[in-house]
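Engineer: Could you look at this predicted model? Sequence included:
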Amino acid sequence: MTEDHQYLPVLLNCKGRSCLIIGGGKVAERKAIHLLDVGASVHIVSPVLRSETLQRLANKNVLRWTKREYQADDLTGVFLVYAATDDSKLNLEIAANADRLGVLVNIASHGEKGTFITPAVLRRGRLTLAVSTSGAGPRAARDILQQLEEQFGPEYEEYLDFLYEMRTMIKQEVACKDARSRLLDKVYGIDLLGEIRLGGYEPWNADKMKQWIEINREE
């Protein structure tokens, strides 16, 4: 891999998948929390856990902790691995082992040596915004994300829930593909965000959605 990377942006479905973290410090803590948030099965291998959060999660069996040094066969059956130790040489060894097995690997100490990096992320319910500078500077990514937080406020969570439910309803109620497309265009024209921001929005129930569809499908 060259130093000038062009990464492919993807969203991975980690739900129920075995995800390994080598290391027990603050970096490992951040990675574990992100993985748990998306439903991954998290396994940490480290002689010690230097994070109270990780200790608490391990004690509650929210994640699995193997209390020892890393071994190459820890990678067997793993979907992805974070090499998050304080030992740069060990991190590179983990990466080499993972690469041979075709396991996705992120290296805390040498991001460019891994097969993936993790961007700064903003979530608003169904909305996921990811920002990466491809290693140029995490601080810059956080600054950009902060600007996006101001632009895409909490109202987007309710807005996108409405769009999802309305789109699902239209697909159920309208057989004609062209008619569905026309209705969806009209849905996007509803100033729902404005109503939510002003506090005047009342959630639509199924009957109201069906009524709207019947009125607008005939226009």
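Structural biologist: Good, I have the coordinates.

Engineer: Could you break the protein into its assigned domains?
Structural biologist: 18-118, 119-152, 155-217 (automatic domain parsing).

Engineer: just so I have it, where are all the helices in this structure?
Structural biologist: 26-37, 52-59, 88-101, 138-151, 155-173, 177-188, 192-198, 206-217 (DSSP state H).

Engineer: Out of those, which is the most enclosed?
Structural biologist: Among these, helix 26-37 has the highest mean neighbour count (mean count of other C-beta atoms under 10 Å), at a mean of 19. For the C-beta atoms, the positions are set from N, CA and C on the backbone; glycine is no exception.

Engineer: Could you list every helix and strand in contact with it?
Structural biologist: strand 18-22, strand 41-45, helix 52-59, strand 80-83 (3 or more C-beta pairs under 8 Å, 6 or more residues apart in numbering; DSSP states H and E).

Engineer: which other residues reach that helix?
Structural biologist: 14, 19, 21-22, 42, 44, 46, 50-51, 53-54, 57, 62-63, 82, 84, 106, 108, 118, 121 (C-beta atoms under 8 Å, 6 or more residues apart in numbering).

Engineer: circling back: out of the domains of the chain, the one nearest P9 is which?
Structural biologist: Proximity to P9, assessed across these by C-beta to C-beta, is greatest for domain 119-152 (6.8 Å).

Engineer: circling back to that earlier point, which one, of the helices and strands packed on helix 26-37, ends up nearest to K113?
Structural biologist: strand 80-83 (9.2 Å).

Engineer: tell me which strands and helices that closest one is in contact with?
Structural biologist: For strand 80-83, the packing partners by 3+ C-beta pairs under 8 Å, 6+ apart come out as strand 18-22, helix 26-37, helix 88-101, strand 104-107.

Engineer: Run the chain-centre distance for the second one.
Structural biologist: On the basis of C-alpha atoms, centre = their mean, to the nearest Å, the separation between the geometric centre of helix 26-37 and that of its chain is 12 Å.

Engineer: and what of the first one?
Structural biologist: Centroid displacement of strand 18-22 relative to its chain, using C-alpha atoms, centre = their mean, is 16 Å.

Engineer: Could you export the helices and strands packed on helix 26-37 as a markdown table, including distance to Q147?
Structural biologist: Putting these into a markdown table (distance: least, C-beta to C-beta, whole Å) gives the following:
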| stretch | distance to Q147 |
| --- | --- |
| strand 18-22 | 30 |
| strand 41-45 | 31 |
| helix 52-59 | 28 |
| strand 80-83 | 28 |
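
Engineer: This completes my enquiry, with thanks.
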